[in-house]
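A.B. asks: Here you go, sequence then predicted model.
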Amino acid sequence: MDIETAIACINYLLIHNTANGERINEIEEELLRGCWEGKSYQQIARESKRTNDRSYISNCASALWKDLSEALGENIKLSSLKNALQDWYNSGGKAKLESRGFYPRQRHQFFNLLNNNNYIYRQEEETCYYAIVQNICLRLKGLTQVGKTVMIKRVISRLKEEKKYNFVYLSFKEIENERLTNLEDLIRWLAEKITKKLNYNYDLDNYWKPKRLGAIVQCSSYLEEYILSKLEYPVVLCIDDVHLLLPYQQINDNFFKMLRSWLEKEDPVWRDFFRLAIIYTTDIYTSQDINRSPFNLGTVVELSEFNEDEVEKVIKTYPRIQPEQLPSNSVTQFRHLINDNPYLLTIALEYLSVHPKQTLLDIISTASTDVGIYQAHLRNLWLKLEQNSELEALFKKVIKSPNKVMLKPHQSDFLQRMGLVKILPEGGVKPRCELYRQYFSRYWS
């Protein structure tokens, strides 16, 4: 059984066989996908887009196994999950899924594959490309799942065709939490990764003496002497998911101080052979302002909502969606509902692709309810709000107002960074999309 079929089974069982009667949420889906691949709770937490707390993932797992035990009438543990689901599926579960429309989702991987048919060109790609070509530090930022990683990889792919650059792409999802809390370990990891990605065979143990020089000086000297000075073409260092450093403020400050020092070096070796791009997600809860130094490096490119033309192009990349599934004016209504959010658009198009009897109007009619296709996403927003009473109070004020709301600049910025509101050109904020207004108004009327 593949993971998509497993998720369909679990959603059916939770809705029809438990007192709670709810689908899994986004964090629970991340948990299941990680478990299906044999990952530990710690690794799942480290790679999560929504939480880096291992104990929280563990608690979610315990609650989910308890609900599945209720649904299946037997004690479910991680070790028995796959066999239990397969037995249920083989003994009539498949027919139940099909009769209720619980089809395994076909994941288009819109945001994860370079040569995906669902990817469309966006103008921001050109800005990223020329920032690197012109040796300007690039900061690519945006909400979760708007296409940041796929865009930077497409830029890398374009530059590789020119055969004038070396590339090192790294993600902080690849590193253990323990190394994120230790500056020396983090910098050593960076040096090792750069060495390996560029196919050098140096033994860092023979060179690495951080106690004598300090890790930052050690790494800088190593890169200059053993890496940059040996290159024929510049190296472009792309560091993705740098927001994962934010909880560790002292480590974060020192790490980016090191990157800044590299960019400011006047030595020709650094000036001519080192380029930098950093990519990060903005909608994470942290007490640290993501816009303050050290993130204020270079040129900022922010990926936000699609425009009308981009929405139409994305829809055309889903050939399985039939014209009758998109009734007259339904696309216009839907665009107003989601404000052209790439993630919300893709969820709807994936759903229509595997539910040929459903229409966009059907999606619109239940979108802001607890049984619509966005219920997991909306519930995840609740989780974010529950982590911060000030954030919840501010957003409640915005939701309850029929007009724009004037907030202090740092409050507006915080809400916008979390993906909850849009800051208006004339001042003030409003909910990021009508979907959020409708959903939260049900509870905050």
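C.D. replies: On my side now, so go ahead.
A.B. asks: Which stretches in the stretch 101-250 of the chain count as strands?
C.D. replies: Under the criterion DSSP state E, counting those that start in this stretch, the stretch 101-250 of the chain carries strands at the ranges 138-142, 166-171, 235-240.
A.B. asks: Please identify the most buried of the ones you listed.
C.D. replies: The highest average neighbour count among the strands of the stretch 101-250 of the chain, using mean count of other Cβ atoms under 10 Å, belongs to strand 138-142 at a mean of 23. C-betas here are computed from N, CA, C, even on glycine.
A.B. asks: That strand pairs with which strands?
C.D. replies: Based on DSSP bridges, the pairing partners of strand 138-142 within the sheet are strand 274-281 (parallel), strand 299-303 (parallel).
A.B. asks: In terms of mean pLDDT, which of those ranks lowest?
C.D. replies: Across the strands paired with strand 138-142, the stretch with the lowest average pLDDT is strand 299-303; it has a mean of 90.
A.B. asks: if we can go back for a sec, pipe the strands paired with strand 138-142 into JSON lines and attach mean neighbour count per row.
C.D. replies: Supplementary listing: these in JSON lines, determined by neighbours: other Cβ atoms under 10 Å:
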{"stretch": "strand 274-281", "mean neighbour count": "23"}
{"stretch": "strand 299-303", "mean neighbour count": "17"}
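A.B. asks: now those as TSV including distance to Asn199?
C.D. replies: Formatted as TSV, the strands paired with strand 138-142 follow (distance: least, Cβ to Cβ, whole Å):
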stretch	distance to Asn199
strand 274-281	18
strand 299-303	29
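A.B. asks: for the strands of the stretch 101-250 of the chain, which one sits closest to Leu68?
C.D. replies: strand 166-171 (31.3 Å; Cβ to Cβ).
A.B. asks: wouldn't Thr299 be in contact with Ala131 here?
C.D. replies: Yes - the criterion here is Cβ atoms under 8 Å, and Thr299 meets it with Ala131 at 5.0 Å.
A.B. asks: Please identify every residue contacting each of these two.
C.D. replies: Residues touching both Thr299 and Ala131 (Cβ atoms under 8 Å, 6 or more residues apart in numbering) are Cys137, Leu138.
A.B. asks: per-residue confidence at Asp289?
C.D. replies: Asp289 carries a pLDDT value of 50.
A.B. asks: how about the helices in the stretch 101-250 of the chain?
C.D. replies: Shown for the stretch 101-250 of the chain, the helices assigned by DSSP state H, counting those that start in this stretch span residues 123-133, 148-162, 177-180, 183-197, 210-213, 215-222, 249-264.
A.B. asks: least reliable of those helices going by mean pLDDT?
C.D. replies: Within the helices of the stretch 101-250 of the chain, the least confident segment by mean pLDDT turns out to be helix 210-213, at a mean of 71.
A.B. asks: chain center to that one, what's the gap?
C.D. replies: Helix 210-213 has its average C-alpha position 36 Å from the chain's average C-alpha position, going by Cα atoms, centre = their mean, to the nearest Å.
A.B. asks: helices and strands around that helix, which ones?
C.D. replies: Helix 210-213 makes packing contacts with helix 183-197, helix 215-222 when contacts are defined by 3 or more Cβ pairs under 8 Å, 6 or more residues apart in numbering; DSSP states H and E.
A.B. asks: got the contact list for the longest one?
C.D. replies: Looking back up the chat, that one is helix 183-197. In this structure, residues lying in contact with helix 183-197 by Cβ under 8 Å, 6+ apart are 167-170, 175, 178-180, 202, 204, 208, 210, 215-216, 218-219, 222-223, 226-227, 235, 237, 250-251, 254-255, 258.
A.B. asks: Which of the residues you listed are buried, as a PyMOL select command?
C.D. replies: The following PyMOL selection, which keeps only the buried ones among the contacts of helix 183-197, applies the criterion 16 or more other Cβ atoms under 10 Å:
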select buried, resi 167+168+169+170+175+179+180+208+210+215+216+218+219+222+223+226+227+235+237+251+254+255+258
